Each structure stands twice: as structure tokens, then as C-alpha cells.
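Student: Build me a structure from this.
(chains A and B)
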Amino acid sequence: MNAISRRDFAAGLGGITLAFTVAPWLAVAQQPTMLPARLPGSLDNNRLLDAWIRIGTDGNAIVCTGKVELGQGIVTALAQIAAEELDLPLDRVQMISGDTERTPNEGVTAGSQSIENSGIALRLAGAQVRAVLVELAAKRFGADAATLSVTDGVVAAPDGRKLSYAELAAAADLHRVATAQEQPKPASAHRIVGKPIARRDIPAKVMGGVAFVQDLRLPGMLHGRVVRPPGYGAKLEGFDLARIKAVRNGTLVGWIAEREMLQSRIARPAGDRAKPEAFDQARLKAMLPGVVALVCDGSFLGVIAEREEQAIKASLALAESARWVAGPPLPDEEHIYDHLLALPTEDKVVNEKQAALPDGVKVIEATYRKPYMAHAALGPSCAVAQLSDGKMTVWTHSQGVFPLRGNLAMALKMPAENIRCIHAEGAGCYGHNAADDVALDAALLARAAAARPVRVQWMRADEFLWEPFGPAMVMKARAALSPDGHIADWNYDVWSNTHSTRPSEPGGVNLLASWYLAEPQRPAPPRMQPQPNGGGDRNAVPLYDFPRQRITNHLISEMPLRVSALRTLGAYANVFAMESFMDELALLANADPVAFRLAHLKDARARAVIEAVAKKANWKPGARGDGGKGRGIGFAKYKNLATYVAVIADVEIDRTSGRIAVPRVYAAVDAGQIINPDGLENQIEGGIVQSMSWTLKEEVKFDSNEISSRDWATYPILTMPEVPSVEIELIDRPDERSLGAGEAAQGPAAAAIANAFAAATGKRLRDLPLTPARVKAALQG
Amino acid sequence: MAINIKVNGAMRSVPAEPDTPLLYVLRNDLGLNGAKFGCGLAQCGACTVLVDGKPVRSCVTPIDTLGQSEITTVEGLGTLENPHPLQVAFMTEQAAQCGYCIAGMIMAAKALLDRNPQPSAAEVRQGLAENLCRCGTHNRIVRAVLRAAQNGGRI
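Tutor: This is a model prediction of the structure:
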């Protein structure tokens, strides 16, 4: 399996083996159909069967998905689903994913929706392909199709005659409309789905194979770097060429460290120095060893060199010599929440229930805050682009190759059909980071590379300073507790910027470099994302059964810092706030947090995960912390329509240092029918650990001049010795729909830690992250 | 200008300036993908390789400082057909999500096991404290290293 998948991967990256040159599903409209108005999942928008699955004359399947591998194991899980329905061994299923010329358009790989949308499409397409092959065999046998069986790609008749998929493939017409009419296998017949299958991408990653877009090395490839402005909106006014001579003899390692770690030089107003010199390609090239070309388009400045270290050196030299006019100042971090709350908002009541308030209620309210957080991919974003014969090919770790192609077409002023975007893995992105931006950088530089491919990777500081952050948020909760200890009224308001400025947003171009070109593009306007998915208000509607509630979303349209989708969108902060507030109400009701939740919850699957985690952790009702140790619980059903997760965390507080340690975490998970239990567990545990890092440590630092989180020293994340032991119980529900799980654990984990701190100390921390300074202030207060 | 370095047992001549960080030579001149660019600042460990058995951040190691030292990358540990116990253990434990940190983790773990063949879980965590993982795969990585130790990771 490994040899095949590695070879195919390399072929997918380097070679171009087009099966069809135009999107074949467009032809569907010309075919007479009696189809249902809506087909399940991504089948609905991609209705041609062979857009999903083809059978080669070797009897193997080529399976195409528009969803892409982000380190979440999706390609393996989708292969399991397809192999299961096709009755083929897994190693005879080749996966092609995320290629604008070869795969269905499934939008963006985001929102924990790949199993739900691509999975269901492949399940139904697989069942139909199998039926086509069986029907064909039945005709040849002169037998009833219902009497035939399939094992490992061989169709057998009751009398023992056999026909393999290889023998049937040539005559099997899969260029037909997907009907979703064939019944997929029942869970009881599954042999591959539900098994902890080893991931296809891991062998190359532990052997040093070609695993990432960073590892692409095409013939004649050049290396590019972009010299970003000193801050948002700064404009390039020219160069001090003398500075290039003065600095270019430095040692590269030291020079990188100086540039990356030191505070950037903010452009001073023009006038205190000599007039800057204009961009002069020939003079600059002569001064910069190895440089093949420079690109200066408005305030976009980039360089291409034969060798990567030459490109880096040249970009550092250019950064030293470039003169910029600063853009508008940033707000002050200290007052960021006041600043945001004072901005204009679009307000919407997203959920409301009316009932009479009983007499004698007790009312409490609380405000919670979440700072800007960085995706902070371990590997800075990277892309390779090549402009050859008027056709731009971009290898990218974008989460959405089709939306990226659309934005590239506008930014490059090229027809979309002349651009091909091919997905190749990058470092884990956890949402919309700079993957799309660097694709445009590479494409802009490739236009100056005389048909040679150009690889661009961002430097570490670029990644921190220019990625779109997860937005800062403010959550205000007010609730009334009835005399019988039940919540009688629940009011919840959330303020946030948009959580999507992805290239998929309509009405503009959402690629960084495009805003700095001589003819700049405008970003798409932010818009409110509707429930039930929501944006800032994701998971803001409680799953609990309250008689009376009002949930209001306040979308702040002005974005002082660049923001977009970070794993869970608003759900992390909303679940942190709501589940913290549930504990505050439980305390007011003098009730145990687990019992209090169950008393407000009818959903049987929700109750089951809470009860399961309480049992697993040996939760003792009414137990109180001792000032140094405590435990807490958090629960959510992601988006109120995906995976259920309940988390219990144990914390230990060092009252001197203010540090919170989390030695143990327990979780119970219901993701419906489990496709790959090992993959699911990996996603849930990863979500818990990443959430713990967000919750205890992470916030983007800035002042009015600049963003000061620019490396791992100024944006620390959780380290190996700080990671808790994690015990997870998976509740498999083979007869329920499979649910997305990649973002399900983060909110509950954050709430469990905050609630554990409150249980231990009697003090409530409502501002994220739960830093030692905040802990000490709370303990002294 | 060419400089000679010894990588995975073979002398290699690379056409790079003396101050070029080893990372770029390994990746671009020698086609070795294991060591990754993560920060260029010796903060994350994704570029870790062994120099004379010691874990070194190749992103901040100029090639002219290496002399005759033996450089070992993850490609030098084993192959798909004949993998090193650490590589087997990382596959067995499925100890990766995105996997960008993994080659660096394996090299840091190799140095750790060479020093301490039977480490405790706490010693593994401490030994890998300077290698960052962003996906939250830490516990699987620790389990993989402990598994390799049981299976004779010190090879």
C-alpha cells in the first residue's frame, strides 16, 4: 500500500495525467434526469458518477475527492468508505484529492464537514459503482444480480463462475448521473469502515519522503521570498540602495535571527532622510548574488533566486533598504475589548424562546473575553507556482483549491480555466492561515520566472505577523435561576469580527498580496454567517432546554487586525463562556455541575456523553477542590449538529507562580458511526491538547505600532512536559450518521479547565488565556 | 564555491556559500526532505538532525562549522523496506497528525535513546521539551519513543 500511495502521490504532484479536461459534472445538465431535487452531501453539486470513482482496467479504483488532507487523516477515512462500498481491498483504492482539473469541487475543507459531505458522497457513489459492475456481471452470467456476491473486486455467481472488476471495467459505463438510489451496506456488513486503519500519509512523513508541498522539487525550480511591509497598509516609497552594500556581508544565520526576532523598524515619515531611490531591477540584481529577478508591483516586493538561501539573503537586504510609509496605527492591546465594543455592529437575534418568568428568581451576569489567537502552523506557509504556455499551475496547501483558483484569477487578471490549483499537504493549518496568500505570492513571482517553477515559503515572522488571526471576542451572559434551582431565563450576547475572510467569500479578493499591488484588489466585505453553523455565534445557542432564552450576535465589521477562520470559529469561546456560566449557575443553585447539566438536558446522546465521562473520571458529586487541586467539566455538541463531546479536566495550581497544570483529562465522544476509531481519537486528543495550549497560553500581542508576537518565544505554545494524560471513551453508534469531529473537543476542554480552576480555588477566571498573572491576581483578589 | 560535508555516511560536495545553514543544503542540494524549515531560529526543532550523534538545529548551523562531522538525517536511520525501530514505532502508534514536526522528533528521540536507552515517560517528555508539536500529538509521540526503547531503539 505504501509503495503505491507514495508513487501516486508523487505522480499527482509532478505529472499531469488528465482524465478529463473540463469539469465533467457540468455535462449533467444535458442529460435527461429524474433525480431528486437534492442529493446527499457533496453529491448534490457533483452529480456525475465518474467524477467520484473510476475503475481502471487493472480492476483498481481511482477515487476523487475535493476534500484535502490537513493532517486530520481524512483521505484515509474516505478511502475506507469507498473501499467498503466497492468491496475492494484498501490498497486497491487510489485517492486523488483537491485538484481543480481532476476532482469534484467540494469548496473548502473546513468546519468538520468532510466525513459528512464527501464521505456520504463516496458511500453512495461507491454503492452505485458496485451495482453497475454487478449488473454487468449478471448480464454476462445470465443470472439475477441479486444472487451475485463481490469479494475483493471479484463478482461471483452462485454456481462458482467469476468475473473480476478488471474484466468488467472496460464495459462499465460510469460516465452517468449519480442517483444515490443504491442502498449502501448496513453497518453490520462493514469490514473496513469502523476499523483503526493506519493512515496512508504517515510512512512518507517518518521516512523523509515527499510528503509536503514544502518538499516539492521540480526541475529548474527557483526560490522566492516576499518582502512584506513593516505593518498593515504600509506603502513602499522606494529604496536606500546604499544600505544593501552595507549589510549584505552579514552571516545569514545571525541576520535571520536579527530580522525575525527583533522588533521591526517602523517607517519614519519621509523628510528626515534623503529622497528614496526608485525600484531599479538591473541595479538591484547586480547587488544581490544569485538573484534571477525582482518583482515590484505597487507595494508588493519579491525576489527570485537560484538558491533558497540566496533568496532569503536578498529579501533581508531588500528589507533593510526598502522605505515604507506606515499604514494606520493599531489599537492598543490593553484596551482592545473596549475598542472593539465601541465599533459599529450588525446585530441579530439568532435564537429566541419566550416564557413567563417565575417569581423569586435570582439573576447573575458575567462577561467573558477571548483574545486574538494565531493558527501558528509549525511549518510556515508554502506554495510552488509555474507559468508555462499561458497556464498557471499552483501547488498549494490551501483548504479550498477551487475558491483559491477563483481569487487567483481575479488577482492575476487571468481566466480561471488557465489556472490549475493542485493540493499538496502543508503543516497543520487549523483553519484559514496564510496557505492561500503564499499561493498568490508564488504566482506573482512565477510571472517573472520565464516558465521555471518558483517555490515560496514564508519566514517565521511573516507567518505570525501576516496570517489572519482568530478574532478577539466578548461574550456577555445573564441568567435567572428559579427558586427550584432551574434556569428560567438565559440571555447571551456575543461580539466578534467575522470568522471567515476566506477566498470563498463573495465580492472581493481575499489574498494578502492583492491588496498591495499597484492596482489593488479589495477584500470581500464581511458578512454574517447564518445559523446553525454560525460564525462568531457558532455554538452560541445552548443545547440545554431553557424555557426562555435570547441569543444575540453582534458582528463587528471593522477589523483592526486581520482575522479569519481559526478551528471552531466562535465555538471555542462560546462554549468556554456558556459552560463556565453553567458552573457559575450551578454554584448559585448549590448543585453539582454534572447533575445541574443533566437537569437541563433532554437530548439522550448529550446526556450519554456527560454520564460516560463522569463515570470514566470517577466524578464525585459535590466534591470541592482544596485550593490547589480541582476538577471541572465542559460539554458541547459541535455546532449543535455534529459530534458530542464531554470533557473532565483535573488541574493543579501553583499558588506561588500562578501556573495551572493539567495532569489529566478525560473525554467521552459520540461522533455517530465511527469510520476510523484511531483517527477519531487522534483528532479528539489533538483538539483537547491544542485547546489547552490556547486556554492557558495563547494570545497575540501588539501595541499601536506593531504586532509583537513574531516567533515561538513571543507566542509560546504548550510543550511536551505540560501535556496531560488523556483518556477518551468513544461511543460508537453504527446506525447513526457519521459526524464531524475535528473541532468538537476544543470548547469543552477550555471550559473544563476553567471550571476546574474555579472548583479548586473558588475564583472564576473569565478572561482567556488563564495566565499566571491572571491566576495570581484572582487568588489575591 | 563548494564545501564537503559527510551526510548519512557519504561525503557530499555542495555548491553553497560557507554561511549557508545546513538545512537548505540537506533539502535543496541533497534532496533530503526530513529536516523541515519551521522557524530559522532554533526554537521549534522541526529541522533537527544529528551531528556526531548530538541533536543539532540545522536551520542555525552554517555548513562551514561542520568540518568532518558525521551528519545523520531521518533518511539515514532507515527505509520503508528496512525501517529503524523509531520509525516503526511512530507508524505503529500512528504518532502524527500533520507530521511536520515528526522527522525532527524522531531525530531528537534518537539522540535521547542513544544517551538513555530505557527512559521513563517523564524523561521522554523532558527530552523532547524543545521540540514543538502544534497538532496535539504529544502523547502518541511519547508512546512511540517508549515503544522504540522497548524494541531496542538504540541501534
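
Student: got any ranges where the chain has weak pLDDT?
Tutor: In the absence of a named chain, this looks at chain A. Counting by pLDDT under 70, the low-confidence segments of chain A come to A:1-35, A:245-250, A:262-273.

Student: Switch to chain B, please.
Tutor: In chain B, residues with pLDDT under 70: B:153-155.

Student: residue closest to the middle of it?
Tutor: For chain B, B:Met107 is the residue whose C-alpha lies nearest the centre (CA atoms, centre = their mean; 2.8 Å).

Student: Over to that one: give its phi and psi.
Tutor: B:Met107 adopts backbone torsions of phi -70, psi -40, taken as degrees, to the nearest 10.

Student: wait, it sits on B:Gly76?
Tutor: No - using CB atoms under 8 Å as the test, B:Met107 is too far from B:Gly76 to be in contact (9.5 Å). (Glycine included, C-beta is placed from N, CA and C.)

Student: Enumerate every residue touching the residue nearest to the centre of chain B.
Tutor: For B:Met107, the contact set (CB atoms under 8 Å, 6 or more residues apart in numbering or on different chains) comprises B:Gly34, B:Ala35, B:Thr48, B:Val49, B:Leu50, B:Pro55, B:Thr72, B:Thr73, B:Val74.

Student: and if we set it to 7 Å?
Tutor: B:Thr48, B:Val49, B:Leu50, B:Pro55, B:Val74 (CB atoms under 7 Å, 6 or more residues apart in numbering or on different chains).

Student: what's the answer for A:Gly485, then?
Tutor: Listed by CB under 7 Å, 6+ apart, the contact set of A:Gly485 reads A:Ala589, A:Ala591.

Student: my guess is it is in a helix, correct?
Tutor: No - counting by DSSP: H, G, I helix; E, B strand; the rest coil, A:Gly485 is not found in a helix; it is coil.

Student: What's the separation between it and chain B?
Tutor: To chain B, A:Gly485 is 37 Å away according to CB to the nearest CB, to the nearest Å.

Student: any idea how chain B splits into domains?
Tutor: Domain segmentation of chain B under automatic domain parsing yields B:3-74, B:85-150.

Student: Highest mean neighbour count out of those?
Tutor: Here the criterion is mean neighbour count by mean count of other CB atoms under 10 Å in any protein chain shown, and of the domains of chain B the winner is domain B:85-150, at a mean of 23.

Student: A:Val295 belongs to a strand?
Tutor: Yes - with three-state DSSP as the criterion, A:Val295 is located in a strand.

Student: Can you name the residues bridging to the residue nearest the centre of chain A?
Tutor: Ranked by distance to the mean C-alpha position of chain A (CA atoms, centre = their mean), the top residue is A:Gly431 at 2.6 Å. Residues in a beta bridge with A:Gly431, per DSSP bridges, are A:Leu566.

Student: Contact partners for it?
Tutor: A:His375, A:Ala565, A:Leu566, A:Arg567.

Student: any idea how far A:Tyr572 is from it?
Tutor: According to CB to CB, to the nearest Å, A:Gly431 and A:Tyr572 sit 11 Å apart.

Student: What separation do you get for B:Ala129 and chain A?
Tutor: Distance of B:Ala129 to chain A, given as CB to the nearest CB: 5 Å.

Student: Pull up the gap between that residue and B:Asn82, please.
Tutor: Using CB to CB, B:Ala129 is found at 31 Å from B:Asn82.

Student: Which parts of chain B are strands?
Tutor: Counting by DSSP state E, one finds strands in chain B at the ranges B:3-7, B:10-14, B:48-51, B:54-57, B:70-72.

Student: Could you list every helix and strand in contact with the shortest one?
Tutor: Judged by 3 or more CB pairs under 7 Å, 6 or more residues apart in numbering or on different chains; DSSP states H and E, strand B:70-72 is in contact with strand B:3-7, strand B:48-51.

Student: Sheet-wise, list the partners of that strand with their directions.
Tutor: With DSSP bridges as the test, strand B:70-72 is paired with strand B:3-7 (parallel), strand B:48-51 (antiparallel).

Student: and those strands as CSV, adding distance to B:Pro18?
Tutor: Listed next are the strands paired with strand B:70-72 as CSV, based on distance: least, CB to CB, whole Å:
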stretch, distance to B:Pro18
strand B:3-7, 6
strand B:48-51, 16
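
Student: what kind of secondary structure is A:Leu39 in?
Tutor: For A:Leu39, the assignment made with three-state DSSP gives coil.

Student: Am I right that it is in contact with A:Ala180?
Tutor: Yes - in this structure, A:Leu39 is within contact of A:Ala180 by CB atoms under 7 Å, at 4.9 Å.

Student: Which of the two has more residues huddled nearby?
Tutor: Higher neighbour count among A:Leu39 and A:Ala180: A:Ala180, with 23 against 20, using other CB atoms under 10 Å in any protein chain shown.

Student: can you tell me how far B:Leu113 sits from B:Val7?
Tutor: 21 Å.

Student: again with A:Glu167
Tutor: For A:Glu167 relative to B:Val7 (CB to CB), the value is 49 Å.

Student: swap in B:Leu128?
Tutor: Distance of B:Leu128 to B:Val7, given as CB to CB: 24 Å.

Student: any chance you could map the strands in the stretch 451-600 of chain A?
Tutor: A:454-457, A:473-481, A:487-496, A:549-556 (DSSP state E, counting those that start in this stretch).

Student: Out of those strands, the one nearest chain B is which?
Tutor: Each of the strands of the stretch 451-600 of chain A has some distance to chain B by CB to the nearest CB; the shortest is strand A:454-457, at 6.2 Å.

Student: Partner strands of the closest one, with direction?
Tutor: When DSSP bridges is applied, strand A:454-457 pairs with strand A:222-227 (parallel), strand A:382-388 (antiparallel).

Student: after the first one, next one along is what?
Tutor: Proceeding N to C from strand A:222-227, the next assigned helix or strand is strand A:235-239, under DSSP states H and E.
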